[in-house]
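**Q** Pasting the sequence and the predicted model now:
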Amino acid sequence: MVVLAGALLAAAMIFFSSPTGAFAAEAPDTPGGDQEATDFYFGGRIEFDGKPVNDVVIAVKGNGFEAETVTDAEGRWRLYVPKKADYVISVDEETLPKGVIVDPAQLPPSMKPVSGTTASFDVKFGLTNSTIINLFLGEGERVTQSFADQLIVRFVNGLNFGLLLALAAMGAALIYGTTGLSNFAHGEMVTWGALTALVFTSFWSLPFWLGIILAVAAGALLGLALDAGLWRPLRRKGLGIIQLMIVSIGLSLALRYTFQFFIGGRTYQLPGASPAPIQLGPIQLSYIDLISMGVSIIVILGVAYFLLGTRVGKATRAISDNPQLASASGINVDRVIRIVWILAGALAALSGILWAYFRPGVKWDMGTQMLLLIFAAITLGGLGTAFGALLGSLIVGLVVEMSTLWIPSDLKYAGALIVLILILLVRPQGLLGRKERLG
């Protein structure tokens, strides 16, 4: 089912492609304004019709740091930052020539425009301590959005993020429901899906549709291997939940740094990443966003049918409710748990592929950044219930994206956790969880 969804994703995206390019330029020798020089900086050049544009104000913001500079007579600029992290670079449109905007068609693939503007971009460092960004201007209308339009845009982005988060969270919830394990290595299972897709499509140059299918299958295979080689033997030895959780933390660290050893610390792009957006009223969505939401909905409906309409799914729910009673009634608990691990691995892999396009980028620790949100979604919806994980994921996704209307983007993940705390104060068992008597 999930492998079929991977095939649908691959088949839909194989018809599209996005041009990518590399841009390089010398940064100015001295920083602009009153900046303090550090070891890390963004720099580049601004041009219009092949000529440099001077006196353009450019600002950087992120991780509690802000600075700005002005392009010199050669159109060059440099902005120093305190450390390597993700930032937002903004061009003051009031300082651009009249009727001119930053041409989004000529942006490097590593730069993702911020919703609601043509002149703000998410940027990040690679392996070096500097990133060169050349901006090319073109004739066009400067984009501004009303608060209502921004609310709609962020709602759609939040829905997209919530759906792909739900794929990973539902798998993790099923594992918790059937085994009681809070799997801290689930983030690495997400990373595994994106990495195998990268290897199959970019490193080995397999056809894109085949690479996506193989990546989802590799996720299912990883789930099978982990249960057969590690978790089932530990369950049979009678290890408690705390010991198993500690093992999962160690497994997470081992997998994470194994990934880093083989691919390094840089960020890679999957084929077709960062395509030109499609304008739908105030909403800008790429074909990848549309495919991502469609595939996520199809897979979620498939998982729902699996749980509600199949014998194995009903056995899974029975084990989640009462493992001892399920075993006494003749259900093969180990077999069902094995199937749950395979399904969770495939869902995590598919989520990782979609996350790599949403970010965009594939990195060795990308799943770790998602892990806390996965746990937040599971806890918010109700521990051990896949449908609760789905509801919690949608809430987390919407809060993360829409909260940036009122709080800095650096704090958007914190906003989701604050909502989690507030809801748990009112309903400790989660939105769809059951009350349990202790003692």
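**A** Thanks, I have it.
**Q** center of this protein - which residue?
**A** The chain has residue 355 as the residue nearest its centroid, 3.6 Å off, counting by CA atoms, centre = their mean.
**Q** Leaving aside the residues adjacent along the chain, what's closest to that residue?
**A** Closest residue to residue 355 apart from its sequence neighbours, by CB to CB, 6 or more residues apart in numbering: residue 164 at 5.8 Å. For glycine as for every other residue, the C-beta is placed from the backbone atoms N, C-alpha and C.
**Q** Please apply the same query to residue 401.
**A** That would be residue 158: by CB to CB, 6+ apart, it lies 3.5 Å from residue 401.
**Q** tell me the mean pLDDT over stretch 339-349?
**A** Across stretch 339-349, the average pLDDT comes to 97.
**Q** Kindly report the same for stretch 277-297.
**A** Mean predicted confidence for stretch 277-297 is 86.
**Q** What's the end-to-end length of that stretch?
**A** 21 Å (CA to CA, to the nearest Å).
**Q** Same question for stretch 422-433.
**A** End to end - CA to CA - stretch 422-433 spans 16 Å.
**Q** Not counting it itself, show me its contacts.
**A** Identification of contacts with stretch 422-433 by CB atoms under 8 Å, 6 or more residues apart in numbering yields 379-385, 387-388, 391-392, 435-436.
**Q** Max pairwise distance over these: which two?
**A** 391 and 436 (19.2 Å; CB to CB).
**Q** I'd say residue 56 and residue 68 touch.
**A** No. Under the criterion of CB atoms under 8 Å, residue 56 makes no contact with residue 68, lying 10.7 Å away.
**Q** quick one, what contacts residue 185?
**A** Applying CB under 8 Å, 6+ apart, the residues near residue 185 are 226, 248, 249, 251, 252, 255.
**Q** Pull out the buried members of those residues.
**A** 226, 248, 251, 252, 255 (16 or more other CB atoms under 10 Å).
**Q** out of those residues, who's nearest residue 301?
**A** Within these, the smallest distance to residue 301 is 26.4 Å, found for residue 226 (CB to CB).
**Q** picking that back up, so for residue 391 and residue 436, which sits in the more crowded spot?
**A** The residue with more neighbours, out of residue 391 and residue 436, is residue 391; 20 against 8, by other CB atoms under 10 Å.
**Q** From residue 355, how far off is that one?
**A** 20 Å (CB to CB, to the nearest Å).
**Q** Now residue 239: phi and psi?
**A** Dihedral pair for residue 239: phi -70, psi 140, per degrees, to the nearest 10.
**Q** surely residue 370 meets residue 165?
**A** Yes. Using CB under 8 Å as the test, residue 370 is close enough to residue 165 to be in contact (7.1 Å).
**Q** The two - which one has more neighbours?
**A** Using other CB under 10 Å as the criterion, residue 370 and residue 165 rank with residue 165 on top: 29 against 22.
**Q** Verify the stated contact: the more buried one with residue 393.
**A** Yes. Applying CB under 8 Å, one finds residue 165 in contact with residue 393, separated by 4.3 Å.
**Q** shared neighbours of these two, anything?
**A** residue 377.
**Q** Please produce TSV containing the contacts of stretch 422-433, extended by pLDDT and distance to residue 64.
**A** Output for these, formatted as TSV (pLDDT from 0 to 100; distance: CB to CB, whole Å):
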residue	pLDDT	distance to residue 64
379	91	28
380	91	27
381	90	32
382	87	35
383	85	34
384	81	37
385	88	37
387	93	38
388	92	34
391	94	33
392	93	29
435	66	41
436	59	41
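**Q** Quick one: residues contacting residue 380.
**A** 388, 391, 392, 395, 396, 419, 420, 423, 424, 430, 431.
**Q** What is the three-state secondary structure of the last one?
**A** Read that as residue 431. coil (DSSP: H, G, I helix; E, B strand; the rest coil).
**Q** Tell me where this protein has helices.
**A** 2-13, 147-179, 186-198, 208-226, 232-236, 241-263, 287-309, 311-321, 323-328, 333-358, 366-381, 386-402, 412-426 (DSSP state H).
**Q** hey, which of the ones you listed is tucked in deepest?
**A** Mean neighbour count (mean count of other CB atoms under 10 Å) peaks for helix 186-198 among these, with a mean of 28.
**Q** who does that helix touch, helix- and strand-wise?
**A** helix 147-179, helix 208-226, helix 241-263, helix 333-358, helix 366-381 (3 or more CB pairs under 8 Å, 6 or more residues apart in numbering; DSSP states H and E).
**Q** can you pull the alpha-carbon coordinates of it into PDB?
**A** Presented in PDB, the C-alpha positions along helix 186-198 are these (Å, rounded to 0.1, in the frame of the first residue of the first chain):
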ATOM      1  CA  HIS A 186      12.100   7.000  14.500                       C
ATOM      2  CA  GLY A 187      13.700  10.300  13.300                       C
ATOM      3  CA  GLU A 188      16.500   8.300  11.800                       C
ATOM      4  CA  MET A 189      14.000   6.100  10.000                       C
ATOM      5  CA  VAL A 190      12.600   9.300   8.500                       C
ATOM      6  CA  THR A 191      16.200  10.300   7.500                       C
ATOM      7  CA  TRP A 192      16.800   6.800   6.000                       C
ATOM      8  CA  GLY A 193      13.900   7.300   3.500                       C
ATOM      9  CA  ALA A 194      15.300  10.600   2.200                       C
ATOM     10  CA  LEU A 195      18.900   9.300   2.100                       C
ATOM     11  CA  THR A 196      18.000   6.100   0.200                       C
ATOM     12  CA  ALA A 197      15.900   8.200  -2.300                       C
ATOM     13  CA  LEU A 198      19.000  10.400  -2.700                       C
END
